[in-house]
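S.K.: Just a sequence and a predicted model for now, questions to come.
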Amino acid sequence: MSQEDTESHLISTRQCILDEASKLIAQKGVKNTSLADISKEVGISKGTLYYYYSTKSDIVYDIADIHLKQITEELLSWIDNIEHNIASEEILRVVFEKISTAETRGKLHLYLISDAVTSNEPLKQRFREKYKEWRITLENGLRKVLKTRTADYGVLSYIILAALDGFTIQWMLGVEEIPIDGIANLLSKVD
């Protein structure tokens, strides 16, 4: 096997481990997912898993990085794709729906946050950094979307970020239908 094939196999196996571990964590939570569960799901021995990841925390960190990167990319994409002729309420509605109703990612997000706030200080620090980045990204996006308003974009970015987490929780619980259209309409009118 050439070095290029070996590297490709390593990357492929690592990605398979992360994909299966993400699914397990979304189903069972961080604490209830073991390395044995992951190796069984991937179809490799526990020893082989240790070759790629020596601890469950290493897997969780890589999953968190991928998860946080996906959300960041969605927010940045939202800002980059804003067209001047699209109503601000439509833009907000799409952001709320897209981020808060992704079932697997929503469960994974909640489990990772739970682990971060209850027992995993390094993960907590990663979330702190990403939440700050997301808030600033939202603030810049709001400046672009609501450019004719005199709203406090910083405060509004905190409200939207908190709303996204809240919507995710409510959607996952199936509490009731969230009036995303009405919320997006209300926020787009803020002066």
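M.R.: Yep, it's here.
S.K.: Name the spans of the protein whose pLDDT lies under the cut-off.
M.R.: 1-6, 9, 78, 81-86, 100-104, 148, 191 (pLDDT under 70).
S.K.: can you pull out the helices in it?
M.R.: Using DSSP state H, the helices of the chain run over 3-28, 35-42, 46-52, 56-80, 88-100, 103-118, 121-145, 153-173, 180-188.
S.K.: deepest of those helices, which one?
M.R.: Compared across the helices of the chain, helix 88-100 shows the largest average neighbour count, a mean of 19 (mean count of other Cβ atoms under 10 Å). No exception for glycine: its C-beta is placed from N, CA and C like everyone else's.
S.K.: tell me what that helix is packed against?
M.R.: When contacts are defined as 3 or more Cβ pairs under 8 Å, 6 or more residues apart in numbering; DSSP states H and E, helix 88-100 packs onto helix 56-80, helix 121-145, helix 153-173, helix 180-188.
S.K.: Quick one: closest of these to Glu41.
M.R.: helix 56-80 (11.9 Å; Cβ to Cβ).
S.K.: How is the chain divided into domains?
M.R.: 1-54, 60-188 (automatic domain parsing).
S.K.: Turn the helices and strands packed on helix 88-100 into a markdown table, including distance to Ile11.
M.R.: Shown next, in a markdown table, are the helices and strands packed on helix 88-100 (distance: least, Cβ to Cβ, whole Å):
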| stretch | distance to Ile11 |
| --- | --- |
| helix 56-80 | 12 |
| helix 121-145 | 22 |
| helix 153-173 | 30 |
| helix 180-188 | 38 |
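S.K.: And Ala116, how far from Leu18?
M.R.: Ala116 is 18 Å from Leu18, where distance means Cβ to Cβ, to the nearest Å.
S.K.: An error on my part: the question was meant for Arg135.
M.R.: 27 Å.
S.K.: before we move on, what about His67?
M.R.: Counting by Cβ to Cβ, the gap from His67 to Leu18 is 10 Å.
S.K.: who are the neighbours in contact with the closest residue in space to Asn140 that isn't next to it in sequence?
M.R.: For Asn140, ignoring the flanking residues on the chain, the nearest one in space by Cβ to Cβ, 6 or more residues apart in numbering is Ile79 at 6.4 Å. Shown in contact with Ile79 (Cβ atoms under 8 Å, 6 or more residues apart in numbering): Thr137, Asn140, Gly141, Lys144.
S.K.: at 10 Å instead, please
M.R.: Shown in contact with Ile79 (Cβ atoms under 10 Å, 6 or more residues apart in numbering): Ile91, Val95, Thr137, Leu138, Asn140, Gly141, Leu142, Arg143, Lys144, Val145.
S.K.: now do Lys130
M.R.: Lys130 makes contact with Ala64, Asp65, His67, Leu68, Lys69, Ile71, Thr72, according to Cβ under 10 Å, 6+ apart.
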